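J.: Fold the following and give me the result.
(chains A and B)
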Amino acid sequence: SAVISQKPSRDICQRGTSLTIQCQVDSQVTMMFWYRQQPGQSLTLIATANQGSEATYESGFVIDKFPISRPNLTFSTLTVSNMSPEDSSIYLCSAPPGYSSYNEQFFGPGTRLTVL
Amino acid sequence: RKEVEQDPGPFNVPEGATVAFNCTYSNSASQSFFWYRQDCRKEPKLLMSVYSSGNEDGRFTAQLNRASQYISLLIRDSKLSDSATYLCVVSSGGYNKLIFGAGTRLAVHP
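T.: As a prediction, this is how the structure comes out:
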């Protein structure tokens, strides 16, 4: 399995500001993913963080709002830009172990974001 | 129609009961199937992968019917510690995209 850490674990932010969430994996992985879990709901994939190229965004999510970096095979960041209260959510990163693409994914502990 | 649909729950069962969760998926090209468990205010954790032949891990049995696009999870001899939300998850696409069901909440009581 992969051990995944995220920073910060939680934050309370003002409307209009931006927050960058960091995700660190303890081993090199091909794929990293960012999910959102809104209160009382299940997880929704935001984007796939590709090493060496731009992230691939899912329908309803755009790069201007959720810019993503993937500088190497163990690290990624997600920025929530120009936040509004509707962005209050838990943001989770995940990765399948190693270089396999079709295995299960392991999740970081999540970042609980509250926007006032 | 949602890509992955689950029993809405919640399921409230006594200790020792057997409980079954069902899940259907809409994309016939889906390649991998999982059950995850999520405790309150925690990240999802893999419970088990689901194989076409069916698989068992202790008190947990998962089955997959590709023809019906149906996945199930059976929990025998429920424990208080089994109380959680169980997420049916399907992987499809060329880059291991996971699609999550809405989850079924299980509450096991003494």
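
J.: Now the residue positioned nearest the centre of chain A: which helix or strand?
T.: Closest to where the C-alpha atoms of chain A average out (CA atoms, centre = their mean) is A:Trp34, at 3.2 Å. Assigning secondary structure by DSSP states H and E places A:Trp34 in strand A:31-37.

J.: now that strand: how far from the chain's centre is it?
T.: In terms of CA atoms, centre = their mean, to the nearest Å, the centre of strand A:31-37 is found 5 Å from the chain centre.

J.: Equivalent analysis for stretch B:99-110, please.
T.: Centroid separation for stretch B:99-110 versus its chain: 8 Å, with CA atoms, centre = their mean.

J.: buried sites along it?
T.: By 16 or more other CB atoms under 10 Å in any protein chain shown, the buried positions in stretch B:99-110 come out as B:99-106, B:108. C-beta here means a position set from N, CA and C on the backbone, and glycine is covered the same way.

J.: Those in strands, which ones?
T.: With strands taken from DSSP state E, the overlap with these comprises B:99-100, B:104-106, B:108.

J.: Same list, those, but as JSON lines with pLDDT please.
T.: JSON lines is the format used below for these (pLDDT from 0 to 100):
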{"residue": "B:Ile99", "pLDDT": "91"}
{"residue": "B:Phe100", "pLDDT": "93"}
{"residue": "B:Thr104", "pLDDT": "95"}
{"residue": "B:Arg105", "pLDDT": "95"}
{"residue": "B:Leu106", "pLDDT": "96"}
{"residue": "B:Val108", "pLDDT": "97"}
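
J.: quick one: which two of those are the most distant?
T.: Pairwise distances across those (CB to CB) peak at 27.2 Å, for the pair B:Ile99 and B:Val108.

J.: No further queries at this time; thank you.
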